[in-house]
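Peer 1: next input, structure requested:
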Amino acid sequence: MYLTREPIRLQELIDSIAGPSHGGVSSFLGVVRNHHQGRPVQGLDYTAYEPMAEAVCAEILTEASGRWPVQLALRHRLGALGLGDVAVAVVAAGGHRGETFDACRYVIEELKRRVPIWKRERYQDGTEEWVDPTAAGSPAGRMIPGEEAAR
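Peer 2: I've put the predicted structure just below:
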């Protein structure tokens, strides 16, 4: 299960994939920040089409495991989150750091691009707005290491 309404515990994810042959462990944490495009943020809410989101997360991890010799763990929060809360965590463990960095980045970029999870930001002025992670200029639209040769 990749989606959760409970706080994400990084060490649990690391422990779930770490092993004696893994000399490299990389992680990415997406944390709720206090601003977006110059607007003060109070918090946010994540919602998802859960069955499809779970399936697409599994596809992404399978793809990454096929490209790099790594073990992977992934969790994404749903529901209301406050400033500083961990919204998403990706962990990659492998024999060497390079493959874990690349796999970790691939997973988070593909998650943002493909998984049906939506974010509604709550601003300090009392307004709310849905945020499109695939909009122009968003990190999800950037190249992934190794993709340049594939295009």
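
Peer 1: contacts only, for V56.
Peer 2: Residues near V56 by C-beta atoms under 8 Å, 6 or more residues apart in numbering: 114-116. C-beta here means a position set from N, CA and C on the backbone, and glycine is covered the same way.

Peer 1: show me where the chain has its strands.
Peer 2: Using DSSP state E, the strands of the chain run over 3-4, 24-31, 35-36, 39-48, 70-77, 79-82, 86-94, 117-123, 128-131.

Peer 1: alpha carbons only: can I get stretch 4-22 in CSV?
Peer 2: Below are the C-alpha coordinates for stretch 4-22, written out as CSV (Å, rounded to 0.1, in the frame of the first residue of the first chain):
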residue,chain,number,x,y,z
THR,A,4,-1.7,6.5,3.8
ARG,A,5,-3.5,8.9,6.0
GLU,A,6,-1.0,8.3,8.8
PRO,A,7,2.2,10.3,9.3
ILE,A,8,5.1,9.0,7.1
ARG,A,9,8.0,7.4,9.1
LEU,A,10,11.1,7.5,7.0
GLN,A,11,13.0,5.0,9.1
GLU,A,12,10.3,2.4,8.7
LEU,A,13,10.6,2.8,4.9
ILE,A,14,14.4,2.5,5.0
ASP,A,15,14.2,-0.6,7.3
SER,A,16,11.7,-2.2,4.9
ILE,A,17,14.2,-2.3,2.0
ALA,A,18,17.7,-2.0,3.5
GLY,A,19,20.0,-5.0,3.4
PRO,A,20,23.6,-6.0,3.8
SER,A,21,24.4,-5.7,0.1
HIS,A,22,23.0,-2.2,-0.1
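
Peer 1: distance between it and the chain's centre?
Peer 2: Its chain's C-alpha centre and that of stretch 4-22 lie 14 Å apart, by C-alpha atoms, centre = their mean, to the nearest Å.

Peer 1: may I see the buried residues of it?
Peer 2: 8, 13-14, 17, 22 (16 or more other C-beta atoms under 10 Å).

Peer 1: still on that earlier bit, what is the nearest of the contacts of V56 to P51?
Peer 2: Using C-beta to C-beta, P116 comes nearest to P51 of the contacts of V56, at 9.6 Å.
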